[in-house]
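[1] below: sequence and its predicted model.
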Amino acid sequence: MELLGYIFDYVVFPGFLFTAIVGLLTTWVDRKVSARVQWRVGPPWYQPFVDTVKLMGKETIIPAGAARTGFLAMPVIGLAAATLASTILWKVNLNPGSSFLGDSIVVLYIMTIPAITLIIGGSASGNPLGILGASREMKMLFAYELPLVIVVLTSVYKAGSFSFAEILAYQEANGIMLGSFSGVIAFIVAIMCAQAKCALLPFDIPEAETELAGGSHIEYSGTPYAVVRLIMASMYFIVPVFIITLFWGGFNFSGWSILTSILKYVAIIVIMVLIRNTNPRVRIDQMVRFFWGPMLVLSIIAMILAVVGY
Amino acid sequence: MSLGLKALKKSPWVFHVNTGACNNCDIEILDALTPRFDVERFGIVLVGSIRHADVLLISGPVTRNVLPRLKRLYEQAPKPIKVIVIGACGCNCGIFRDGYNIIGPVDKHIPVDAYVPGCPPKPETIIAGVVKVLNTL
């Protein structure tokens, strides 16, 4: 029975099905808000679902120069990893008892796997632009991972534990992390890292539609491309949830807190979309300098403030 | 009608190919994608890679240099794919008919689903052409 419970958690709720549906709805919010920013009407709410169904009905092409196994397996592994991260995060938010020691580290690690699978998939596609996108993705991973780990550590330091349950309990008792100076700074850095993790506009260097034509996704078509888009949608869902859990008191689904929980999530999404719509793409060196310069300094300041007690 | 085709009607992703046009039709195609016409309402999105495309928008008469590329693009596109020719040049070579480097209109080389004549056609005409092709699905 326990095994069945785990399978249900992973496949239906809060795993694959739930993550995919909410992730696709999130990409609709992204497209709709972008459209409103540009004074347009924007697509209807079911647009991402229609896109996914359509891609599944299209022909799947494997390029002649591609490494077949790696090319086809990588999106599936990435989707599995994204689903696992979402399952752990939501299990903790719905039932803090299911937390285990060090699950924040586990989720942090698992959230890098989709990026790594896209690197390998892009390299396996045999397309020069795909390989270029993969190499850019790798540079971006090196750049944003360091400040992100440090801001996660500020939260962990204040709560005195690596488990999400303890972090949530600390925020329940002492007010949310965002209420302190170190929390605010850490939150800003985390939003910037989220922007890079979801490959949104100031940092969409690996996809770069105008120059790389999709980067590491360039050769994916049909069902594998639908899976790649599902990975992107799931990441768009997971990363804000991760930030809310660490800095904004997590989710609560009793009574009126449902509304505030959803509002928190939508607020973070809208911040990310607005950053995306008001910034041009930066160069690789600018991106690395940004993350290893100001963002790293800010994250270290947040850490010092947390240690001092602010 | 299968579910995939039904969905294709709601989300045709277009890929833009210039086969030697004077760039006027390309500007009109970009016009059709601007916020004024907002074709994303109907799910139409311009994609960067031919592997993601559902509709090829081809502008221009076919020149000798571009012919192998055009054929390869058509083969690279995942099926089902729809081909729409934009502009008088793509339909019947237009004013470049007697050019030394022109080897016939687009439909001589790859199957075409719709023609949008005009020099250049208006964005409204282009959108009407796309709608007509989608209605044949």
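    Sure, I can see it. Numbering: from 1, shown residues only, chains lettered A, B, ... in the order given.

[2] what does the stretch 201-310 of chain A have sitting close to chain B?
    Taking C-beta under 8 Å from any C-beta of the partner chain as the contact definition, the stretch 201-310 of chain A meets chain B at A:Glu209, A:Thr210, A:Leu212, A:Ala213, A:Gly214, A:His217, A:Ile218, A:Glu219, A:Tyr220, A:Ser221, A:Gly222, A:Tyr225. The way it works is simple: take the backbone N, C-alpha and C, and place the C-beta from them, glycine included.

[3] ok now the lowest-mean-pLDDT helix or strand in chain B, how far from the chain's centre?
    Using mean pLDDT, DSSP states H and E, helix B:3-10 stands out as the lowest-scoring helix or strand of chain B, at a mean of 78. From the chain centre to the centre of helix B:3-10 is a distance of 19 Å (C-alpha atoms, centre = their mean, to the nearest Å).

[4] okay but A:Leu118 is in contact with A:Gly214, surely?
    No: using C-beta atoms under 8 Å, A:Leu118 makes no contact with A:Gly214, being 11.0 Å away.

[5] those two: which is more packed in?
    A:Leu118 (29 against 24; other C-beta atoms under 10 Å in any protein chain shown).

[6] quick one: secondary structure of that one?
    helix (DSSP: H, G, I helix; E, B strand; the rest coil).

[7] okay, buried residues for the least confident helix or strand of chain B please.
    For helix B:3-10, the neighbour count (16 or more other C-beta atoms under 10 Å in any protein chain shown) marks B:Ala7, B:Leu8, B:Lys9, B:Lys10 as buried.

[8] for the residue of chain B found nearest chain A, give me its contacts.
    Residue nearest to chain A within chain B (C-beta to the nearest C-beta): B:Gly4, separated by 1.8 Å. Listed by C-beta atoms under 8 Å, 6 or more residues apart in numbering or on different chains, the contact partners of B:Gly4 are A:Val53, A:Lys54, A:Met56, A:Gly57, A:Lys58.

[9] gap between the helix or strand the third one falls within and the chain center?
    What that stands for is A:Met56. A:Met56 is located in helix A:47-57, with elements delineated by DSSP states H and E. How far helix A:47-57 lies from its chain's middle: 21 Å, per C-alpha atoms, centre = their mean.

[10] just stretch B:6-16 next, same as before
    12 Å.

[11] which bits of chain B sit near chain A?
    So chain B meets chain A at B:2-5, B:7-8, B:10-11, B:35, B:38, B:40-41, B:43, B:47-49, B:51-52, B:54, B:76, B:78-80 (C-beta under 8 Å from any C-beta).

[12] give me the buried subset of these.
    Taking 16+ other C-beta under 10 Å as the criterion, what is buried in the residues of chain B next to chain A is B:7-8, B:10-11, B:38, B:40, B:43, B:47-49, B:51-52, B:54, B:76, B:78.

[13] need the max-distance pair from these.
    Farthest pair in those (C-beta to C-beta) is B:Asp38 and B:Gln76. Separation: 29.1 Å.

[14] how close does the residue nearest to A:Ile110 when sequence neighbours are not counted sit to chain B?
    With sequence-adjacent residues excluded and distances taken as C-beta to C-beta, 6 or more residues apart in numbering or on different chains, A:Ile110 is closest to A:Ala85, at 4.3 Å. Using C-beta to the nearest C-beta, to the nearest Å, A:Ala85 is found at 26 Å from chain B.

[15] can you give me how far the helix or strand harbouring A:Ala85 is from the chain middle?
    Following DSSP H and E, one finds A:Ala85 within helix A:68-94. Here helix A:68-94 is found 12 Å from its chain centre; the criterion is C-alpha atoms, centre = their mean.

[16] same question for stretch B:54-63.
    5 Å.

[17] and what of stretch B:121-136?
    With C-alpha atoms, centre = their mean as the basis, stretch B:121-136 stands 10 Å off its chain's centre.

[18] also stretch A:55-71?
    Distance, stretch centre to chain centre, for stretch A:55-71: 25 Å (C-alpha atoms, centre = their mean).

[19] how about the nearest residue to B:Gly87, chain neighbours excluded?
    Leaving aside its sequence neighbours, B:Gly87 sits nearest to B:Cys25 (C-beta to C-beta, 6+ apart; 3.8 Å).

[20] my guess is the one you found meets B:Ile86, correct?
    Yes: distance between B:Cys25 and B:Ile86: 4.9 Å, which falls inside the contact criterion (C-beta under 8 Å).

[21] can you pull the residues that touch both of the two?
    Both B:Cys25 and B:Ile86 are contacted by B:Ser59, B:Pro120, B:Pro121, under the criterion C-beta under 8 Å, 6+ apart.

[22] now the residues you listed in JSON lines, with pLDDT and neighbour count?
    Listed next are the shared contacts of B:Cys25 and B:Ile86 as JSON lines, based on pLDDT from 0 to 100; neighbours: other C-beta atoms under 10 Å in any protein chain shown:
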{"residue": "B:Ser59", "pLDDT": "89", "neighbour count": "29"}
{"residue": "B:Pro120", "pLDDT": "87", "neighbour count": "24"}
{"residue": "B:Pro121", "pLDDT": "89", "neighbour count": "23"}
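
[23] same question for the helix of greatest length in chain B: list its buried residues.
    Across chain B, the longest stretch assigned as helix under DSSP state H is helix B:123-135. With burial defined by 16+ other C-beta under 10 Å, the residues of helix B:123-135 counted as buried are B:Pro123, B:Thr125, B:Ile126, B:Ile127, B:Gly129, B:Val130, B:Val133, B:Leu134.

[24] touching it from outside, list them.
    B:8-9, B:12, B:14, B:28-29, B:31-32, B:37, B:39, B:44, B:55, B:57, B:82, B:84, B:86, B:113-116, B:118, B:121.

[25] buried ones among these?
    Here, 16+ other C-beta under 10 Å leaves B:8-9, B:12, B:14, B:28-29, B:32, B:37, B:39, B:44, B:55, B:57, B:82, B:84, B:86, B:113-116, B:118, B:121 buried among the contacts of helix B:123-135.

[26] just the pLDDT at the residue of the stretch 201-310 of chain A found nearest chain B, thanks.
    Residue nearest to chain B within the stretch 201-310 of chain A: A:Ala213 (3.4 Å; C-beta to the nearest C-beta). At A:Ala213, the predicted lDDT confidence score is 74.

[27] quick one, strands of chain B?
    Assigned by DSSP state E, chain B shows strands spanning B:13-18, B:45-46, B:55-59, B:82-86, B:114-116.

[28] ok, the stretch 51-200 of chain A next?
    In the stretch 51-200 of chain A, no strands are defined using DSSP state E, counting those that start in this stretch.

[29] what does the stretch 1-150 of chain A have sitting close to chain B?
    Contact residues (C-beta under 8 Å from any C-beta) of the stretch 1-150 of chain A with chain B: A:31, A:35, A:38-44, A:47, A:50-51, A:53-54, A:56-61.
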